[in-house]
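S.K.: Compute the structure for the input listed below.
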Amino acid sequence: MLKSSLIYLLFASNICLPSPIIVPQNLNDWTILQESDVWVACTKKDNVQWCKAEKVLPFNLEKIADIIENKANYPNVFKRIEETIILSKDIVHVILDMPFPFDNRDYIVQYISEKSPIEYNYTFTAYNEMEIPERNNYVRLINAGGRWTLVPMKDGNTKVSYLWNGELRGDFPDWGLERAWKVQGTEVLNWLNEALK
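M.R.: The predicted structure follows:
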């Protein structure tokens with residue numbers, strides 16, 4: 001009786017876990033938010049708001065890949081990342097410092113790397129199979145996800161695309177989302193460029 005009750009509880013608890021949002025392979029119908037040295041756009045698919053930033057960086061793919069793969073060093077590269085906690089080889093807890101007056105955010109994601117001669121992809125998806133307590137005054141981004149894509153160009157430069165789920169949850173006003181997405185996409189790619197210099 002006890003054994004069957006435990007099996008039921010394990011099964012039921014798995015049913016209650018929210019499924020992570022799948023990061024789509026192909027997205028269309030982009031609404032351009034910014035056209036400058038960093039291109040930023042957004043689109044919606046299956047009720048999820050996706051954002052994308054792109055920039056051509058004057059560095060080879062391998063040098064950029066080294067930075068993307070070194071998640072422990074993210075706080076030294078991306079200025080809004082307060083801390084990264086490596087939970088396993090491919091699972092990372094990221095703590096974000098948001099500008100005043102907004103609560104800070106955090107998220108736990110699992111990375112999958114796919115490399116080919118054409119491009120490198122680093123897909124990250126919300127991971128909810130570890131119980132990590134939420135910090136006071138932080139909002140957990142339970143649907144975090146996105147993808148880094150690095151495409152080598154013939155001139156030795158690399159086209160870098162950064163895709164992310166634009167949901168900010170918590171106390172962030174809807175009217176400020178587009179501005180926040182432009183700032184995030186621009187900052188992330190410019191900070192990456194600075195770290196490579």
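S.K.: drop to CA atoms for contacts and neighbour counts, all remaining ones
M.R.: Will do.
S.K.: Low-confidence stretches in this structure?
M.R.: In the predicted model of the chain, residues 1-18 satisfy pLDDT under 70.
S.K.: roughly how far is the lengthiest strand in it from the heart of the chain?
M.R.: Secondary structure assigned by DSSP state E gives strand 104-115 as the longest strand of the chain. How far strand 104-115 lies from its chain's middle: 6 Å, per C-alpha atoms, centre = their mean, to the nearest Å.
S.K.: Which other helices and strands does that strand contact?
M.R.: Strand 104-115 sits against strand 91-96, strand 120-126, strand 138-140, with contacts defined as 3 or more C-alpha pairs under 8 Å, 6 or more residues apart in numbering; DSSP states H and E.
S.K.: Kindly confirm my reading that Glu187 is in a helix.
M.R.: Yes. Glu187 forms part of a helix when assessed by DSSP: H, G, I helix; E, B strand; the rest coil.
S.K.: how about the nearest residue to it, chain neighbours excluded?
M.R.: Phe78 (8.0 Å; C-alpha to C-alpha, 6 or more residues apart in numbering).
S.K.: so how many other residues sit close to the one you found?
M.R.: 18 (other C-alpha atoms under 10 Å).
S.K.: follow-up on the earlier one: tell me which of the helices and strands packed on strand 104-115 lies nearest to Glu194.
M.R.: Across those, the minimum distance to Glu194, taken as C-alpha to C-alpha, is reached by strand 91-96, at 19.3 Å.
S.K.: that older thread, show me what counts as buried in the longest strand of the chain.
M.R.: By neighbour count on 16 or more other C-alpha atoms under 10 Å, the buried set for strand 104-115 is 104-111.
S.K.: Ramachandran coordinates for Arg179?
M.R.: Main-chain torsions, Arg179, degrees, to the nearest 10: phi -60, psi -40.
S.K.: can you count the residues close to it?
M.R.: If we define neighbours as other C-alpha under 10 Å, then Arg179 has 11 of them.
S.K.: cool, Glu178 as well?
M.R.: 16.
S.K.: Now it. Its backbone dihedrals?
M.R.: phi -60, psi -40.
S.K.: From Pro20, how far off is it?
M.R.: 24 Å (C-alpha to C-alpha, to the nearest Å).
S.K.: Please apply the same query to Asp171.
M.R.: 22 Å.
S.K.: higher neighbour count, these two?
M.R.: Neighbour tally, Asp171 and Pro20, criterion other C-alpha under 10 Å: the higher count belongs to Pro20, 15 against 10.
S.K.: what's near enough to touch the more buried one?
M.R.: Pro20 sits next to 125-128, 143 when contact means C-alpha atoms under 8 Å, 6 or more residues apart in numbering.
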